[in-house]
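In: sequence first, then the predicted structure, then my questions.
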Amino acid sequence: DRWLMTQEQYKKDDPKTVYYMSMEFLMGRALGNNLINLTDYKEVQEALEEMGINLNVIEDQEPDAALGNGGLGRLAACFLDSLATLGYAAYGCGIRYHYGMFKQKIENGYQVETPDNWLKEGNPFEIRREEYAKEVRFGGNIRVEKDPKTGRDMFIQENFESVLAIPYDMPIVGYNNNLVNTLRIWDAKAITDFHLDSFDRGEYQKAVEQENLAKTIVEVLYPNDNHYAGKELRLKQQYFFISASLQEAVDKYLRDHDDIHKFYEKVTIQMNDTHPTVAVAELMRLLMDEHGLEWDEAWEVTTKTCAYTNHTIMAEALEKWPIGYLKKVVPQLVPIIEILDDKVRRRFSDESTAIIDRNDTVHMAHIDIHYGFSVNGVAALHTDILKQSELNHFYKIYPDKFNNKTNGITFRRWLLHCNPRLTALLDETIKDEYKEDASKLVKLLEYKDDETVLKRLLEIKKENKKDLAAYLKETQAIEIDADTIFDIQVKRLHEYKRQQLNALYIIDKYLEIKEGILPKTPITAIFGAKAAPAYVIAKDIIHLILCLQEIINNDPEVSPYLKVVMVENYNVTKAEKLIPACDISEQISLASKEASGTGNMKFMLNGAVTLGTEDGANVEIHELVGDDNIFVFGASSDEVIEHYKKADYSAKDYYKKNPKIKAAVDFITGKQMMKIGCKESLE
Ligand code: 26Q
């Protein structure tokens, strides 16, 4: 009822609508979060309790909706919660992958990937909307014809394959405001039923191919995080959900408005990284071919509608497509992209801002920057780096387009739902404004010398740690002690995030303990991380951590003081259990590389101290929480960038000069590791 009411209200009020376009929405579970946002969690919990049913047990039946890799996908999910809570008319638009992020098993010291069949038992949190189905066309060739009336060139797509895009809507419940927005994810269905109506041979073949295309297109999420893989199927996925979403955005606008020239007054298309960039060309195409606008008119509407968020400066993550791929998959966009390139080249001679480069490769970020009205980074430092180095050429041309939007997290999932004990204490002390307005948390400072509140905080942390210990015992048969320091690094495995640095620290501690130098308080080092299946070094680092777990936990001299735990299959639900139980939050990326980070915020909110570098949003967290709560080390981003420029950093020199570093590195290839079958490639 609230969902329908919200949509009717939007229809009446006619506010501007934002379409958040994202290849990923890492939603996690819906049940507990929806109850929290409806402010019905406690009541339902108590009612079930009276019936002898534990709500947690019911929650545990729900699989995570893991339609994302990591930070970028989880950010999209947090934004949907916040947009609904703040009363914005917003849609999330994405893909209904039949298989989400792979499940990670640990077998004999290695990561093994298994498929995530999350829809196996049905999904009660979605409604199929057959009535909004859209046709999406792929491939074929383009015939140019003069329109006899206008004399304009018309681009006609022939010999294409079609897929029917069918939307499924999931409710996004706002917190305590009776509003419900929509996440619309598209599934694919073949248009022709080849059993019935395709008798002649050519048609039959085509029908089979279309059936196959529909099946493969939404089959699985690409499991790469912060790494570009130029796969044709990925491009098909991108065009599939973008074309369907834009067709619906335009149709919806025209149901209530008659002047398509003013589309931008009521619609913003926000692109989550460059993955949805075909939207720029597709919107141009729809406006010209389907709605009769001239090039200049379509251009004006498009450039006032589209906006782009950048999430990385790393070269290996920048999306570039050979024009040949685009000709094969989306030939209808190629003439448009060529004109977009031509216009840029006429205005700016600088090769570095071209859309199609000399090797006939299309730079997706360049399309977004030239043809969108906004380019934002995701933390102050990251935006500065974009402006001053990575995208400096563009910043000089379009200084006003660049802006910062430091990432954030929803307090509903990352505090109210995952940490009911801390929530209760906050409710008792600072009441509940902070649930909708994070800045109200500062009120807690009034209690900074209040012994009873401080004691409660310690007790809450201890209880959460006991819960985590019980959970790890039950799920992985690992025993840890809640009286030790829980030192946690959970995030995707990536060299720049430096789990290997944490591993070296653990080896150093191990060697110290062996020499009789004991830590004041015993340490439990906890990791959780998935490696992209083809990322060999990342998999080696997981193997290293698992070998350390084996050696250290089974060494009776060391294990009373140090233990290592690799949590299997780290995901949103496990994050909700780990984060409230953390003492030390590891945020140790090589400065300049982590655009923002969002785990850093979740841990800080739940009362862990941070050990981190001056990277991403750590910088802003540092300014807010001060030196008592975040312990900063390592090179600054300026220093790192300088080292790259001069190419003057030699890891080997540190290895040679520093005996502790040498001992830790040598341990990795030493006898003990080989004895437990640790593979030699770690060398
Ligand atoms: C690209 C092409 C082909 C296949 C996959 C991809 C791909 C997929 C996912 C490229 C990048 C990603 C994910 C990037 C990501 O998660 N970036 C993170 O975004 C967070 C939210 O802004 C930041 O907090 C992190 O710092 C940033 O690493």
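Out: Now that the structure is in, tell me what you want to look at. Numbers count the residues shown, from 1 in each chain.

In: state the distance from Thr406 to Gly70.
Out: 18 Å (Cβ to Cβ, to the nearest Å). Any C-beta I mention is one placed from the backbone N, CA and C, and that applies to glycine too.

In: those two: which is more packed in?
Out: Neighbours per residue, other Cβ atoms under 10 Å: of Thr406 and Gly70, the larger number sits with Gly70, 22 against 19.

In: isn't the more buried one right next to Val490, touching?
Out: No: with contact defined as Cβ atoms under 8 Å, Gly70 does not count as touching Val490 (10.4 Å).

In: residues from the stretch 351-500 of the chain in reach of the ligand?
Out: By Cβ under 6 Å from any ligand atom, the residues of the stretch 351-500 of the chain that approach the ligand are 378, 407.

In: in the stretch 351-500 of the chain, which residue sits nearest the ligand?
Out: Closest residue of the stretch 351-500 of the chain to the ligand, Cβ to the nearest ligand atom: Val378 (4.0 Å).

In: that residue against Leu386, yeah?
Out: No: in this structure Val378 lies outside contact range of Leu386 using Cβ under 8 Å: 9.8 Å.

In: residues of the stretch 201-350 of the chain that sit close to the ligand?
Out: Counting by Cβ under 6 Å from any ligand atom, the residues of the stretch 201-350 of the chain near the ligand are 222, 224-226, 228-229, 234, 311-312, 317, 319.

In: closest to Ser559 out of these?
Out: Asp225 (32.4 Å; Cβ to Cβ).

In: that older thread, now the buried members of the residues of the stretch 201-350 of the chain next to the ligand.
Out: 222, 224-226, 228, 234, 311-312, 317, 319 (16 or more other Cβ atoms under 10 Å).

In: the residues you listed in helices, which ones?
Out: Counting by DSSP state H, the part of these found in helices is Arg234.

In: tabulate the buried ones among the residues of the stretch 201-350 of the chain next to the ligand (CSV), appending distance to Leu416 and pLDDT.
Out: Listed next are these as CSV, based on distance: Cβ to Cβ, whole Å; pLDDT from 0 to 100:
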residue, distance to Leu416, pLDDT
Tyr222, 32, 98
Asn224, 32, 94
Asp225, 28, 92
Asn226, 30, 88
Tyr228, 36, 89
Arg234, 36, 98
His311, 27, 98
Thr312, 31, 95
Ala317, 33, 89
Glu319, 36, 97
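
In: what is the neighbour count of Arg347?
Out: 11.

In: pLDDT value on it, please?
Out: For Arg347, the model assigns a pLDDT of 97.

In: hang on, the earlier thing: okay if I get the buried ones among the residues of the stretch 201-350 of the chain next to the ligand as a markdown table plus distance to Asn600?
Out: A markdown table is the format used below for those (distance: Cβ to Cβ, whole Å):
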| residue | distance to Asn600 |
| --- | --- |
| Tyr222 | 25 |
| Asn224 | 22 |
| Asp225 | 17 |
| Asn226 | 16 |
| Tyr228 | 24 |
| Arg234 | 29 |
| His311 | 15 |
| Thr312 | 16 |
| Ala317 | 20 |
| Glu319 | 26 |
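
In: in the stretch 251-400 of the chain, mark out all the strands, start to finish.
Out: 267-272, 306-309, 320-322, 361-363, 374-377 (DSSP state E, counting those that start in this stretch).

In: now mean pLDDT and mean neighbour count too, for the ones you listed, in JSON lines please.
Out: Below are those laid out as JSON lines (pLDDT from 0 to 100; neighbours: other Cβ atoms under 10 Å):
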{"stretch": "strand 267-272", "mean pLDDT": "99", "mean neighbour count": "23"}
{"stretch": "strand 306-309", "mean pLDDT": "98", "mean neighbour count": "24"}
{"stretch": "strand 320-322", "mean pLDDT": "97", "mean neighbour count": "18"}
{"stretch": "strand 361-363", "mean pLDDT": "98", "mean neighbour count": "21"}
{"stretch": "strand 374-377", "mean pLDDT": "98", "mean neighbour count": "22"}
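
In: so which of those strands comes closest to Thr423?
Out: Short answer: strand 267-272, nearest of those by Cβ to Cβ, at 29.4 Å.

In: and the closest residue to Asn54 other than its chain neighbours, which helix or strand is it part of?
Out: Spatial nearest neighbour of Asn54, excluding adjacent residues (Cβ to Cβ, 6 or more residues apart in numbering): Leu48 at 7.0 Å. If you go by DSSP states H and E, Leu48 is part of helix 41-50.
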